[in-house]
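Participant: Here is a sequence together with a model predicted from it:
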Amino acid sequence: MKFAIPATVLSLFAFANAASVLPRQAGFCPEASRFGILGVKPTNLSPGDKFTITANFTCGINQYNIVPKYIDYYIEVPENVNNGHEPPILLARRTFSKSHGDVDKFTTHLPDAFYFTGAAYTVQMDITYAINGTLGKPFYVVGGTEAGVNITDPNSI
C-alpha cells in the first residue's frame with residue numbers, strides 16, 4: 001500500500017511526458033470559421049464613409065472544404081432587432097477566385113440610405129458554395145457570418 005501513491009504519481013508523470021511528444025493538430029479551425037472570418041474596419045460609420053471589408057476563407061477551404069463561388073455583402077438589421085422592416089442593403093457581390101488566394105479584401109462606401117439612430121446593424125456576408133448531393137451531383141447552398149457596425153448619421157430617422 002505504501003507504493004500506491006508514488007506509483008500513481010509516476011504513471012501520471014509518464015502520461016504527461018508522453019502527451020507532450022504527441023503530434024499536435026496542425027491548422028485547427030473552429031467550426032464558427034467554416035464560412036469565413038469577417039472583419040470590418042472601421043466599425044463606426046456614417047453614410048458616405050469608406051471602410052474596408054476583409055474575409056478570410058482559409059479555414060473554410062482547408063478544413064471544411066467550403067469553397068465560395070459567390071460572396072454577397074450586405075448592411076442589415078439583425079433578425080428580430082430594431083423595427084423589423086428594414087431590408088438588407090447590398091454593398092457588393094463578388095465572384096470568388098482561388099487564384100487570388102483565400103482572402104477577399106476590398107474598400108467600399110456606406111450607402112446614403114435611411115438608418116435609425118442607436119439601432120443595431122451588421123455587415124452580413126453570405127457565401128454561395130457547392131456541395132455534392134446523394135447522387136454525387138453538386139448543388140449550391142448558402143452560409144454566412146456577420147460583423148457588427150455602429151452607424152451614426154446626423155440625419156437619421
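Facilitator: Cool, the structure landed.

Participant: What residues are bridge-paired with the spatially most central residue of the chain?
Facilitator: Taking C-alpha atoms, centre = their mean, the centroid of the chain lies closest to Ile37, which sits 3.2 Å from it. As for beta bridges, Ile37 partners with Asn56 under DSSP bridges.

Participant: Spit out the contact partners of it.
Facilitator: 55-56, 59, 145 (C-beta atoms under 8 Å, 6 or more residues apart in numbering). From N, CA and C alone the C-beta is placed, and that goes for glycine too.

Participant: Compare these and tell me which is most surrounded.
Facilitator: For those, counting by other C-beta atoms under 10 Å, the largest number of neighbours falls to Ala55: 26 neighbours.

Participant: contacting residues around that residue?
Facilitator: Contacts of Ala55 (C-beta under 8 Å, 6+ apart): 36-39, 71, 103-105, 125.

Participant: which of those count as buried?
Facilitator: Buried subset of the contacts of Ala55 (neighbour count, 16 or more other C-beta atoms under 10 Å): 36-38, 71, 104, 125.

Participant: Can you redo these as a markdown table, where the extra columns are pLDDT?
Facilitator: Formatted as a markdown table, the buried ones among the contacts of Ala55 follow (pLDDT from 0 to 100):
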| residue | pLDDT |
| --- | --- |
| Gly36 | 96 |
| Ile37 | 96 |
| Leu38 | 98 |
| Ile71 | 98 |
| Asp104 | 97 |
| Met125 | 98 |
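
Participant: which of these sit farthest apart?
Facilitator: Greatest spacing in those, by C-beta to C-beta: Ile37 and Ile71 (13.1 Å).

Participant: Could I get the buried ones among the contacts of Ala55 in CSV, plus columns for distance to Ala119?
Facilitator: Output for the buried ones among the contacts of Ala55, formatted as CSV (distance: C-beta to C-beta, whole Å):
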residue, distance to Ala119
Gly36, 25
Ile37, 25
Leu38, 20
Ile71, 25
Asp104, 27
Met125, 20
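
Participant: tell me which of these is nearest to Ile89?
Facilitator: Met125 (13.6 Å).

Participant: need the contact list for that closest one.
Facilitator: Per C-beta under 8 Å, 6+ apart, neighbours of Met125: 35-36, 38, 53, 55, 71-74, 144-147.
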